[in-house]
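>>> take this sequence and fold it.
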Amino acid sequence: MKRRALLTVIGLLVGAMAGSPKALAAGVIFKSSVTGNPDVKSIEVIRFGPQGVLLVGDGRGSQVIAIDTGDATPRGTLQSAIERIDDKLAGRLGTTAKNIKINDMVVNPASGVVYFSVLKQDERKPVILTVDGSGKIGEFALDNVKYARLPLPAGDKGPVTRITDLSWADDRVLVAGSASEEFASKLVSIPVPLVHEAKGSIYSAETYHVSHGRWETRAPMSSLMPFRDAGRFYVVGAFSCTPVVKYPLDELQSGAKAKGLSVIELGSGNRPLRMFSYEKDGKPYVLMNTFRFHHAKSPVGPSPYWTVRIEQSLLTENEAVNEKAVRRLDKKSPAAERIQVVEAYHGVMNLDKLDANRALVIRDDGEKGLTLTPLPLP
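You can find the predicted model right below:
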């Protein structure tokens, strides 16, 4: 028995160091859970952990719900485009595209099935719809699911009321959001295995906004991802106007102010939407799509939605940071060859990694409406 216990511990440590949700051993995701309807108030963000566990960011409820979907068997991935995906999702709900809002989209890496967070606007009802590899649309009902409710701890003056992103990160779940106080940008770390009704640790994020030339505390991370470098564990966050910042997590105490290192600046007038890391020809990159709210006066491309590929090695910088951070532009001209606008991704409103070679995107081409389509990773 002692030898078996030792092997289990070793397995968990290896899984944590591997940096992949799939590395976790079976049976360690939930330490305690319940079965029923989690009664979510909103579904702002959805992400997947290992073994088909769906993380639901519910800012109105100031909580994350971790749900065992039971969807952990490979079922094939989408191979061709689905035009007017908004019409088809709305039709599954018995309504029209004008009556729904697609809040988020994520690929379940365990099965290949795509999950959508959709708001039925006339009823203000959040629902989760799915699209499998054959293009069939279904609904993932929340009436009777195994789940753990993870309440978000409050800050000094109030709760987190908006969730902008979240991620499974080895031995914890990371949540970015905002609260109503001076240090409004919040980061929450929730330990794994997950315990029903257990709160995590909360930090306030202080960030040097390169294009603004000052430290700021109110704007939340629009997008985040975990990152390991030289034995240290970071969360990388991207903000509006558009610093890319890393925060060391391994030394923080709950309630502390996390002061970041801004390593990249992508230009003012943009709001990051989603980012993930991948490899191409043996070299690691980060892919990020953004919304340009200054598109009318200073466009990046034909659409306000544009995508950038970043060499991941830029995230390892510890000296050329903050005021010295690498800028995508010098005035209005490209300044960094390691940061490239991906023209083939113009119009991409949402994206996720589909497999080692492709992303799955929702694209607005201005003519056919919204199209769900796989694209080669750049």
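>>> please enumerate the strands of the stretch 251-378 of the chain.
Listed in chain order, the strands of the stretch 251-378 of the chain (DSSP state E, counting those that start in this stretch) span 257-259, 261-265, 270-280, 283-292, 305-311, 326-327, 329-330, 333-334, 339-341, 348-353, 358-364, 370-376.
>>> nearest to residue 99, of the ones you listed?
Residue 99 sits nearest to strand 370-376 of all these, at 14.4 Å, using Cβ to Cβ. All C-beta atoms are positioned from the backbone trio N, CA, C, and that covers glycine.
>>> quick revisit: mean pLDDT lowest for which of the strands of the stretch 251-378 of the chain?
Of all the strands of the stretch 251-378 of the chain, strand 333-334 carries the lowest average pLDDT, namely a mean of 74.
>>> count of neighbours near residue 106?
Residues near residue 106, counting by other Cβ atoms under 10 Å, number 21.
>>> same check, this time on the one 5 residues further on
Here the number of neighbours of residue 111 (other Cβ under 10 Å) works out to 22.
>>> check which helix or strand covers it.
Counting by DSSP states H and E, no helix or strand carries residue 111.
>>> got phi/psi on it?
Residue 111 adopts backbone torsions of phi -120, psi -20, taken as degrees, to the nearest 10.
>>> could you do residue 213 as well?
phi 70, psi 30.
>>> got it, and the one 4 residues further on?
Dihedral angles phi and psi of residue 217 (degrees, to the nearest 10) take the values phi -130, psi -10.
>>> could you dump the strands of the stretch 251-378 of the chain into TSV with mean neighbour count and distance to residue 148 added?
Shown next, in TSV, are the strands of the stretch 251-378 of the chain (neighbours: other Cβ atoms under 10 Å; distance: least, Cβ to Cβ, whole Å):
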stretch	mean neighbour count	distance to residue 148
strand 257-259	16	25
strand 261-265	24	33
strand 270-280	20	24
strand 283-292	20	30
strand 305-311	23	34
strand 326-327	19	40
strand 329-330	12	44
strand 333-334	10	46
strand 339-341	18	39
strand 348-353	21	23
strand 358-364	22	27
strand 370-376	18	30
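>>> leaving out chain neighbours, which residue sits closest to residue 302?
residue 346 (5.7 Å; Cβ to Cβ, 6 or more residues apart in numbering).
>>> how many neighbours does residue 282 have?
Neighbour number of residue 282 under other Cβ under 10 Å is 5.
>>> any idea how far residue 275 is from it?
Residue 282 sits 20 Å away from residue 275 when distances are taken as Cβ to Cβ, to the nearest Å.
>>> kindly report the same for residue 128.
Counting by Cβ to Cβ - residue 128 and residue 275 are separated by 22 Å.
>>> and if you look at residue 176?
Look at residue 176 and residue 275: by Cβ to Cβ, they are 12 Å apart.
>>> what is in contact with these two at once?
Common contact partners of residue 176 and residue 275 (Cβ atoms under 8 Å, 6 or more residues apart in numbering): residue 224.
>>> distance of the closest residue to residue 355 other than its chain neighbours from residue 112?
In space, residue 355 comes closest to residue 77 once its chain neighbours are excluded; the distance is 6.2 Å by Cβ to Cβ, 6+ apart. Computed as Cβ to Cβ, the residue 77 to residue 112 distance reads 4 Å.
>>> and residue 322, by the same measure?
41 Å.
>>> kindly report the same for residue 191.
In terms of Cβ to Cβ, residue 191 sits 29 Å off from residue 112.
>>> compare these two and say which is more crowded by neighbours.
Comparing residue 191 with residue 112 by other Cβ under 10 Å, the one with more neighbours is residue 112, at 19 against 14.
>>> tell me how many other residues crowd residue 236.
Count around residue 236 with other Cβ under 10 Å applied: 24.
>>> ok, it touching residue 243?
No - in this structure, residue 236 is not within contact of residue 243 by Cβ atoms under 8 Å, at 10.8 Å.
>>> contact partners for the residue nearest to residue 226 when sequence neighbours are not counted?
The shortest distance from residue 226 to any non-neighbouring residue, by Cβ to Cβ, 6+ apart, is to residue 169 (3.6 Å). When contacts are counted by Cβ under 8 Å, 6+ apart, residue 169 touches 226, 233, 235.
>>> strands - which of those land there?
Members of the contacts of residue 169 lying in strands (criterion: DSSP state E): 226, 233, 235.
>>> can you count the residues close to the last one?
Right, the one you point to is residue 235. Other residues close to residue 235 by other Cβ under 10 Å number 26.
>>> I'd say it and residue 228 touch.
No - when contacts are counted by Cβ under 8 Å, residue 235 is not listed as touching residue 228 (10.7 Å).
>>> and residue 103, what does it touch?
43-45, 117-119, 126.
>>> make it 10 Å
Residues near residue 103 by Cβ atoms under 10 Å, 6 or more residues apart in numbering: 42-46, 57, 116-119, 126, 350.
>>> and which of those is nearest residue 304?
If you rank those by distance to residue 304 using Cβ to Cβ, residue 350 comes first, at 13.7 Å.
>>> ok, what's across the strand from the closest one?
For residue 350, the beta-bridge partners are residue 362 (DSSP bridges).
>>> pretty sure it sits against residue 290.
No - Residue 350 is beyond contact range of residue 290, at 11.6 Å (criterion: Cβ atoms under 10 Å).
>>> list residues touching both of these two?
The contact lists of residue 350 and residue 290 share 273-274, 305, where a contact means Cβ under 10 Å, 6+ apart.
>>> got those as a markdown table, with distance to residue 336 columns?
As requested, the shared contacts of residue 350 and residue 290 are exported to a markdown table (distance: Cβ to Cβ, whole Å):
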| residue | distance to residue 336 |
| --- | --- |
| 273 | 21 |
| 274 | 21 |
| 305 | 21 |
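>>> number of nearby residues for the nearest residue to residue 278 once chain neighbours are set aside?
Ranked by Cβ to Cβ, 6+ apart and with sequence neighbours excluded, the top spatial neighbour of residue 278 is residue 377, at 5.5 Å. Per other Cβ under 10 Å, the neighbour tally for residue 377 reads 19.
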